[in-house]
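Asker: Coordinates for the following, if possible.
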Amino acid sequence: MKNSFLGMLCMCLALLSCGSDEDSLQKIDQLLNLYIKDSSGTDLLKPTEIGSYTGVSFTDQLAEKDNVNVSYNRKMLEDSTYYLEYLAGATRQFVEDDSDGNKIYKSEIRVSLTKKISETQNDPVVQDKLEIFYRSSPNVFEVSRVLYNNQLVFTKVPNQPNVATIVK
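Answerer: Modelled structure (predicted):
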């Protein structure tokens with residue numbers, strides 16, 4: 001009986017020490033959706049279609065070891081448009097403290113794309129560079145901007161999803 005009372009007392013003290021101030025929670029906003037289209041707006045991520053990038057892989061360029069794969073999901077919207085959903089997994093490297101006192105981090109990912117040019121043949125693999133910059137403050141950790149082959153393709157808009165469209 002004495003042990004159960006002490007256990008309950010410890011649990012209550014632990015819960016009280018945690019607090020419940022929702023303002024102290026850091027919002028995490030790091031989900032990034034990448035669309036790859038041609039200049040006319042045609043989806044280039046259809047997994048079996050001739051002319052599309054049927055093979056895609058992500059490799060962490062800041063990892064301690066070479067060729068560390070990074071996971072992503074190829075997803076499809078209701079209108080049959082495909083996109084690549086990236087959440088996390090690549091190494092984040094500290095870049096700088098910005099003028100507002102936030103910390104800036106980046107991940108660098110090699111995106112390997114294989115284009116299907118016929119039923120039996122693929123183009124050579126294209127190696128592209130994806131850089132994702134994150135802003136970290138006490139209130140939020142979020143994607144702040146994205147570069148694809150050194151071109152800015154996304155800048156964060158507060159309370160909007162992180163969506164970048166690559167034109168190839």
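
Asker: residue contacts, residue 143?
Answerer: Residues in contact with residue 143 (CB atoms under 8 Å, 6 or more residues apart in numbering) are 29, 30, 31, 32, 132, 133, 134, 154, 156, 162. Yep, even glycine has a C-beta here, placed from its N, CA and C like the rest.

Asker: Between these, which sits nearest residue 70?
Answerer: Distance to residue 70, by CB to CB, is smallest for residue 132 among these, at 10.6 Å.

Asker: So in terms of bridging, what pairs with the closest one?
Answerer: On the basis of DSSP bridges, residue 132 is bridged to residue 107, residue 146.

Asker: neighbours of it, just the number please.
Answerer: By the criterion of other CB atoms under 10 Å, residue 132 has 24 neighbours.

Asker: re earlier: show me just the buried residues among the contacts of residue 143.
Answerer: Using 16 or more other CB atoms under 10 Å as the burial test, those include 29, 32, 132, 133, 134, 154, 156, 162 as buried.

Asker: Next, give me the two most distant ones among the contacts of residue 143.
Answerer: Applying CB to CB across the contacts of residue 143, the maximum distance is between 31 and 133, 15.0 Å.

Asker: ok, so what distance separates residue 119 from residue 69?
Answerer: The gap separating residue 119 from residue 69 is 27 Å, by CB to CB, to the nearest Å.

Asker: Sorry, wrong one. I was asking about residue 62.
Answerer: Distance, residue 62 to residue 69, using CB to CB: 14 Å.

Asker: got it, and residue 151?
Answerer: 24 Å.

Asker: What's the mean pLDDT across stretch 41-56?
Answerer: Mean pLDDT, stretch 41-56: 95.

Asker: what separates that stretch from the chain centre, distance-wise?
Answerer: Offset of stretch 41-56 from its chain centre (CA atoms, centre = their mean, to the nearest Å): 20 Å.
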